Every structure is written in C-alpha cells, then in structure tokens.
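Peer 1: give the three-dimensional model of this entry:
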Amino acid sequence: MRVAIIHYWLVGMRGGERVLEQLCRLFPDADIFTHVLNRERISDAILRHKIQCTTVSRLPFALTQYKKYLVFMPKALEELNLAGYDLVISSEAGPSKGVIPPPNSKHITYCHSPMRYIWDQYHQYKLELGWPARQIFSHVAHNLRQWDVTAASRVDKFVANSNFVAARIARYYGRDAEVLNPPVDLDAYRPIASPSQSYYFMISELVPYKRADLAVEAFRGLDKQLVIAGSGSEFKRLKSIAPPNVRFVGRASNSELRELYSNAAALIFPGEEDFGIVPLEAMACGRPVLAYGSGGVLETVVDGKTGLFFHEQTAAALRQTILDFESKVANFEPRIIRARAEQFSETRFRDRFASIVAKTLT
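Peer 2: The predicted model follows:
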C-alpha cells in the first residue's frame, strides 16, 4: 500500500510534528508532502522519509514568511500529483487536506484544528493587524473559508485530536469526527527524585492568544517565582512589564525542558488550546497543572487530582487558584499524576490510528 502524508508545514517540532512522527512510525515507507521544510529544525524520524514541498516553498522568503502566502496554498495543494497512492493522510492545522486524492484511494484527515485564523479566532487575528493588512486579510479569509469547506468534502474520514476540535469540525464542515488524542513521549518526560518545587513553570509560544500576560500579572505581588520558557512576538513586551519574580529563559532544549517541568511546583496553563500537549508533558513528569478550564485541557487534566482549573480567564482567577493550590499541595501525588499521563501513550495512539485506517479501508 502506497501512503502519502500531507503536513501543513515543517518548520519546527511542536505537537503536530510529534503526531507526524507517530504516523511515520506506522507507515515507514510513506512519502511526505508539505508547503515548506526547514531541515535543521525537524527530527531525523521525519527526515528519513522522502519529502516533497509544494510550489509555496519557491516563493521569496517562504521559509520564514510562509503564513503570508496562505492565499497561494489551496492551489499549491491541488497541484500535487498523488496518482498511485492508496491512502492519503492529511495532518491539518494549516492548509493540508485540500489535495485532490486519486479516485480509488481513501483520504483520512487528522485534524489538530480547523484553521483558527479564518474560523473561531478570525476577529482576534484581524484586530492584531494594521488597517491595510486588515482589508487584505478580510478578503483572503473569506475566500479561504469557501475553499476550506469545499476541501472538507474530499475527506473520507475525519479524526479530531479532541472533543473540542470535533465540535468545531461539525460546526464549520458539517462532518462527524472520531476523537483520538495525541500522545505524550513517556520516555522523554519522567519524574525525577526529590524535585525542588521552588518555582512555577509556563512554556508557550509567546503570542497573544496563549495568554502569558495573565501569568505575568497573576504573579505580580506574589511571594512565588514563575519561570517562562518560549519565544514569540510577545516576548519583549512581556519581559518589559514583568515583575522581578518572573523570569524568562527563552527556548529550552528537550533535556532542559524535562528539568524545568520536573522541578516546578506546578505548570501554569492560562490559554485555551485545541488539545495542548504541554499539560501532558508536565503530568508525565509527575507535576500538577493549573489551567484555564476550557478546550482540550478538560480531556487530560483531572480537577483536584492532577491539577486545578480556574474558570474565568483573568489574572485574578489564576492568582486565586495558585493560592488554593498552595493550601492543597499535599493532595497531588506524582504517582497518580504520572499514571494519568500514561493513558496517552504513543503505543495507544498508533494502535488506535491503525484501527481507524483499517476500518476506513474496508
């Protein structure tokens, strides 16, 4: 069976790329198609495959400015020649499912999220643009939404990474989706003996919707330390307004990240995510999660056992949850927290996805 995997873009190893690694393990001979590829930032597990880029990769500065070329991506996907492939798997967060599959093939989409910048977060993204860019984006997003709905009709089976995403697939595409949560690397993230628990920890791309600003403000005046890992458009602004007890460490390697998770009192997770692999990585290290109670985190964190939720997305609500946690810290057992993360293993993910493929092909 010849397998083609379509992934939106390969410019770093985030949650979507970790799922792609598992698909590569399931289908070791699969060919990968993507809009742009930065080989220096992609794992060997993915690079072992034959990778073909779309015409978007030939546009000026495409490797760094690829998102500005969204308008060209639909046609670029439709120009990919997938003749001879029996199974097409599209890994979707940016445009990827819009390929034209061969008539006798099956097309499965693993959806991390319908494109948030043209659907549920369209107005938020638009507000962050200057006036000329808003006018252009308004027109582009309108056309992309029409194409996106059409592209959904080319999919035989939708698989959503969470119930939260499945609901949006139903709303925007009118399609049912089977839910299969992404896996956590249980070997890479493990508890350590005698964690220091001397600080709270947040890791995130520092962009507005991740709401790192809530974490910064929540720790203002608290006699607690917060360490924030990550970079992004908000990095300089957040660092300039942060109180002395909030420290920014930039990008962290995998080994550094394990240490940061493991020695934290708890992970701070103030944004709303489609799924969110970060809470699972923290729990795999035996650390509890203090999270905004919305989105995919409701499917991973068990309130009162592996973490605590706050239900208003405000700094005050997060601060109160931190104080509540301090009074209940003895209730959170690393063994129980780790056991919860183990329910999201890589083996479980591959077995479930293989079963979905088998049912789709019959």
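Peer 1: show me where the stretch 1-150 of the chain has its strands.
Peer 2: Along the stretch 1-150 of the chain, counting by DSSP state E, counting those that start in this stretch, strands occupy 3-7, 31-34, 51-53, 87-92, 106-111.
Peer 1: a markdown table for those strands, including mean neighbour count?
Peer 2: Quick note: C-beta positions are derived from backbone N, CA and C, even for glycine. Written out in a markdown table, the entries for the strands of the stretch 1-150 of the chain read as follows (neighbours: other CB atoms under 10 Å):
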| stretch | mean neighbour count |
| --- | --- |
| strand 3-7 | 24 |
| strand 31-34 | 22 |
| strand 51-53 | 16 |
| strand 87-92 | 25 |
| strand 106-111 | 24 |
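Peer 1: in JSON lines, list those along with mean pLDDT.
Peer 2: Formatted as JSON lines, those follow (pLDDT from 0 to 100):
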{"stretch": "strand 3-7", "mean pLDDT": "98"}
{"stretch": "strand 31-34", "mean pLDDT": "98"}
{"stretch": "strand 51-53", "mean pLDDT": "98"}
{"stretch": "strand 87-92", "mean pLDDT": "98"}
{"stretch": "strand 106-111", "mean pLDDT": "98"}
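Peer 1: redo the ones you listed as a markdown table? Include distance to residue 245.
Peer 2: Putting the strands of the stretch 1-150 of the chain into a markdown table (distance: least, CB to CB, whole Å) gives the following:
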| stretch | distance to residue 245 |
| --- | --- |
| strand 3-7 | 40 |
| strand 31-34 | 41 |
| strand 51-53 | 44 |
| strand 87-92 | 39 |
| strand 106-111 | 39 |
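Peer 1: nearest to residue 333, out of the ones you listed?
Peer 2: Closest approach to residue 333 among the strands of the stretch 1-150 of the chain (CB to CB): strand 106-111, 33.3 Å.
Peer 1: residue contacts, residue 309?
Peer 2: For residue 309, the contacting residues are 291-293, 297-298, 301, 303, 321, taking CB atoms under 8 Å, 6 or more residues apart in numbering as the criterion.
Peer 1: name the member of these with the most neighbours.
Peer 2: Taking other CB atoms under 10 Å as the neighbour criterion, residue 291 ranks highest of those with 31 neighbours.
Peer 1: quick one: the helices in this protein?
Peer 2: Under the criterion DSSP state H, helices of the chain are mapped to 15-26, 44-47, 62-65, 73-78, 122-127, 131-152, 163-173, 212-218, 235-241, 254-262, 278-284, 315-328, 334-341, 346-361.
Peer 1: ok, which of those comes nearest residue 224?
Peer 2: Distances from residue 224 to each of the helices of the chain were compared by CB to CB, and the smallest falls on helix 315-328, at 6.8 Å.
Peer 1: identify the residue spatially nearest to residue 165, adjacent ones excluded.
Peer 2: Excluding its sequence neighbours, the residue lying closest to residue 165 (CB to CB, 6 or more residues apart in numbering) is residue 274, at 5.0 Å.
Peer 1: for the protein, what helix or strand is lowest in average pLDDT?
Peer 2: The helix or strand of the chain with the lowest confidence, counting by mean pLDDT, DSSP states H and E, is helix 122-127 at a mean of 89.
Peer 1: and that helix, what does it pack onto?
Peer 2: Using 3 or more CB pairs under 8 Å, 6 or more residues apart in numbering; DSSP states H and E as the contact criterion, the elements in contact with helix 122-127 are helix 131-152.
Peer 1: quick one: residue 30 from residue 51, how far?
Peer 2: Counting by CB to CB, to the nearest Å, the separation of residue 30 from residue 51 is 10 Å.
Peer 1: could I get the pLDDT score of residue 277?
Peer 2: Per-residue pLDDT puts residue 277 at 95.
Peer 1: actually, residue 128.
Peer 2: 84.
Peer 1: got it, and the one 5 residues further on?
Peer 2: Taken from the predicted model, the pLDDT recorded for residue 133 is 90.
Peer 1: identify the farthest-apart pair in the contacts of residue 309.
Peer 2: Spatially, the most separated pair among these is 298 and 321, at 15.2 Å (CB to CB).
Peer 1: alright, that wraps it up for me.
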